[in-house]
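> My questions are about this predicted structure, shown below with the sequence.
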2 protein chains.
Amino acid sequence: MATVTVPTVVPSPAEDADELRKAFAGWGTNEDLIISILAHRNAAQRRSIRQAYVDAYGEDLLKDLNKELTSDFERCVLLWTLDPAERDAYLACEATKRFSSNNCILTEIVCTRSSLELFAIRQAYHARYKKSLEEDVAAHTAGDFRKLLVPLVSSFRYEGPEVNTTLAKSEAKILHEKISEKAYNDEEFIRIITTRSKAQLNATLNHYNDEFGQPINKDLKADPNDEYLKLVRATIKCLTVPVKHFEKVLRLAIVKLGTDKSALTRVVVTRAEIDMIQIKEQYHKRNSKPLDHAIAGDTSGDYRKMLLALLGEEDA
Amino acid sequence: MATVTVPTVVPSPAEDADELRKAFAGWGTNEDLIISILAHRNAAQRRSIRQAYVDAYGEDLLKDLNKELTSDFERCVLLWTLDPAERDAYLACEATKRFSSNNCILTEIVCTRSSLELFAIRQAYHARYKKSLEEDVAAHTAGDFRKLLVPLVSSFRYEGPEVNTTLAKSEAKILHEKISEKAYNDEEFIRIITTRSKAQLNATLNHYNDEFGQPINKDLKADPNDEYLKLVRATIKCLTVPVKHFEKVLRLAIVKLGTDKSALTRVVVTRAEIDMIQIKEQYHKRNSKPLDHAIAGDTSGDYRKMLLALLGEEDA
């Protein structure tokens, strides 16, 4: 469930566009006005505002925001204002171009979205970059990382609730065998993780837990510093317990010396309209502290105001 | 361009449905009437007739056709009446379940369709089989075949005309190196073929031809009986010169002792609304004989009438 709050009476997109234009006018920028509008509109409404803005002023709202804002606040507002599929395409592209530790970001983006959402990301990627997502991922990775990431970003998983129990048992056994042999890059191992529906994979992993005594991710910690194993664990977590994955990303981002603002922004912006209520609950449970307090204590200024607004909280 | 002919004045879907119902009534079946309707309606019109049929009689037109018709004629009419994406999903599913020589059928289906058409096939596969296409392909293949086929069926290639010439040159060199080393299953080799846009791949293969003296498919004939190499050659042909691929499938189907009716039906039914005019021209050029004469000489009865109607010819 979403944390974003939308007023009961929403101004027309043209009115919102006018107000934003006013926020940019003259010396300085009215950040509070920008937050009060954009942080309280849903994706469809933001899209309409962008359209109304270009209709009225012949300019791209994103470009004007880019000119007016700076730093973390800028990135947060820009990412938030983008259409979800466009935003994910942008984040995925950014992740393919950085170091291998960003493979986990790619996995997060493609494994926590629905099959149709992932397809919309691939379409947005075509439109924006004149290339395909899998093409870039394949070209920027190699070896085991490529073997796992290319099918993940190309998948169109079945989403029905049907589960084949016999298959779950036999594939749990295959996974266990491969892990026992430390064959984490085995093609059967990768096939099961990258092609089965989330419901089927869940059944397989439950059976794994029952039959072999502990969750698969514990068995995938043979070498906690192995980057490929980290990616496999993140993949499994994103596919089966996304809320726990996001809680962990937020926790590590906040705990980190200096705060990992990039991760903080990404999770808040991409989940505020989806499952942020559950993520907040999970965070509170795991850290004995409300997420908004933790974020308020770790950030400042307009950036803080924006994040808290997206979390459905007033600035403390 | 299509060979299917649609009358200038088309009866309403309800009228067509009524006529079909009459063709099934009483003793025997009026095959000529069925052909005169279904073989002269485009995909959207056939879809409307199916809907009108279920509205009027509460029954599925396909099931009734299945009851009334037999053998090759039945298969041809049923495949033709299906929606293109549904039909391709059906053919792909059939291909995954047979022997490895059917891998070429799978390649044909996924490599000669547009990116959006392939995505529609994947959606139809979900709806029809409660599984994903890549899931079935991955589960029914292994080794090199799987390494090539899974990314092919999962691809969503960029379709713009942009070509990066520097990239074409460097990737032509990679392909040539891998072929020289007989590393046909190399991950870079597979990456290039399975992820690049058709325009980009075409530029790469043109450069290959210019730089290394002969078309890549000649260099991929080291062992003409190697099934994997056959698949690689078929893949490249389907991606770059689909009309030549289809001409060859038809030629081999007709030359074969006993005629490969399955291949004949597949190509006529899937291409009649797309590029059958070009395929006929290519066939005539390559075999010094019109395709319809060759088909008329090799088939008989209602099956022949149906095929010729789809080819835009009267029965000879």
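Done, it's in.

> what residues does the stretch 51-200 of chain A put near chain B?
A:119, A:122-123, A:126, A:130-135, A:138-139, A:142-143, A:146-147, A:150-151, A:154-160, A:162, A:187, A:191, A:194-197 (C-beta under 8 Å from any C-beta of the partner chain). (Glycine included, C-beta is placed from N, CA and C.)

> Weed out the non-buried ones from those.
Taking 16 or more other C-beta atoms under 10 Å in any protein chain shown as the criterion, what is buried in those is A:119, A:122-123, A:126, A:131-135, A:138-139, A:146-147, A:150-151, A:154-158, A:187, A:191, A:194-197.

> What about the residues of the stretch 51-200 of chain A next to chain B, which are in helices?
A:119, A:122-123, A:126, A:133-135, A:138-139, A:143, A:146-147, A:150-151, A:154, A:187, A:191, A:194-195 (DSSP state H).

> burial of residue A:285, as a residue count?
Neighbour count of residue A:285, defined by other C-beta atoms under 10 Å in any protein chain shown: 9.

> And for the one 3 residues further on?
The number of residues packed near residue A:288 is 7, by other C-beta under 10 Å.

> so what's it scoring on pLDDT?
We have a pLDDT of 96 for residue A:288.

> try the one 3 residues further on
The predicted local distance difference test score for residue A:291 is 97.

> how near is it to residue A:297?
For residue A:291, the distance to residue A:297 equals 11 Å [C-beta to C-beta, to the nearest Å].

> who's more crowded, these two?
Shown here are residue A:291 and residue A:297; by other C-beta under 10 Å, residue A:291 has more neighbours (26 against 13).

> contacting residues around the residue of the stretch 201-316 of chain A at minimum distance from chain B?
Among the residues of the stretch 201-316 of chain A, residue A:201 lies closest to chain B, at 10.8 Å counting by C-beta to the nearest C-beta. Counting by C-beta atoms under 8 Å, 6 or more residues apart in numbering or on different chains, residue A:201 touches A:192, A:193, A:239, A:240.

> Please identify the helix or strand for the nearest residue to the last one once chain neighbours are set aside.
Among residues not flanking residue A:240 along the chain, residue A:202 sits closest, at 5.5 Å (C-beta to C-beta, 6 or more residues apart in numbering or on different chains). Take DSSP states H and E as the rule and residue A:202 turns out to sit in helix A:198-212.

> cool, and residue A:80?
Using DSSP H and E, residue A:80 falls in helix A:71-81.

> Residue A:283 too?
Applying DSSP H and E, one finds residue A:283 within helix A:276-287.

> packing partners for that helix?
helix A:242-255, helix A:261-271, helix A:291-298 (3 or more C-beta pairs under 8 Å, 6 or more residues apart in numbering or on different chains; DSSP states H and E).

> Which residues does it contact?
A:1-4, A:243-244, A:246-247, A:250-251, A:267-268, A:271, A:289-292, A:294, A:310-312.

> Please repeat the previous calculation with a cut-off of 10 Å.
A:1-4, A:241-251, A:254-255, A:267-268, A:270-272, A:275, A:289-295, A:310-313 (C-beta atoms under 10 Å, 6 or more residues apart in numbering or on different chains).

> now do stretch A:175-184
So stretch A:175-184 is in contact with A:144, A:148, A:185-190, A:192-193, A:201, A:204-205, A:207-208, A:211-212, A:216, A:219-220, A:222-223, A:226, A:228-229, A:231-232, A:236, going by C-beta under 10 Å, 6+ apart.

> quick revisit: save the contacts of residue A:201 as TSV, and put in neighbour count too.
Listed next are the contacts of residue A:201 as TSV, based on neighbours: other C-beta atoms under 10 Å in any protein chain shown:
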residue	neighbour count
A:192	23
A:193	23
A:239	23
A:240	19
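
> Could you export those as JSON lines, including pLDDT?
Below are those laid out as JSON lines (pLDDT from 0 to 100):
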{"residue": "A:192", "pLDDT": "98"}
{"residue": "A:193", "pLDDT": "98"}
{"residue": "A:239", "pLDDT": "98"}
{"residue": "A:240", "pLDDT": "97"}
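
> Tell me the one among the residues you listed nearest to residue A:48.
residue A:239 (33.2 Å; C-beta to C-beta).

> Quickly find the element holding that closest one.
Using DSSP H and E, the element containing residue A:239 is helix A:227-240.

> Does residue A:184 belong to a helix, a strand or coil?
Three-state call for residue A:184 (DSSP: H, G, I helix; E, B strand; the rest coil): coil.

> what's the spacing between it and chain B?
17 Å (C-beta to the nearest C-beta, to the nearest Å).

> Check the gap between that residue and residue A:193 for me.
10 Å.

> shared neighbours, these two?
What both residue A:184 and residue A:193 touch, as defined by C-beta under 10 Å, 6+ apart, is the set A:148, A:232.

> Give me the neighbour count for residue A:228.
For residue A:228, using other C-beta under 10 Å, the count is 18.

> Identify the residues contacting the nearest residue to it once chain neighbours are set aside.
With sequence-adjacent residues excluded and distances taken as C-beta to C-beta, 6+ apart, residue A:228 is closest to residue A:144, at 4.9 Å. Shown in contact with residue A:144 (C-beta under 10 Å, 6+ apart): A:184, A:185, A:190, A:227, A:228, A:229, A:231, A:232.
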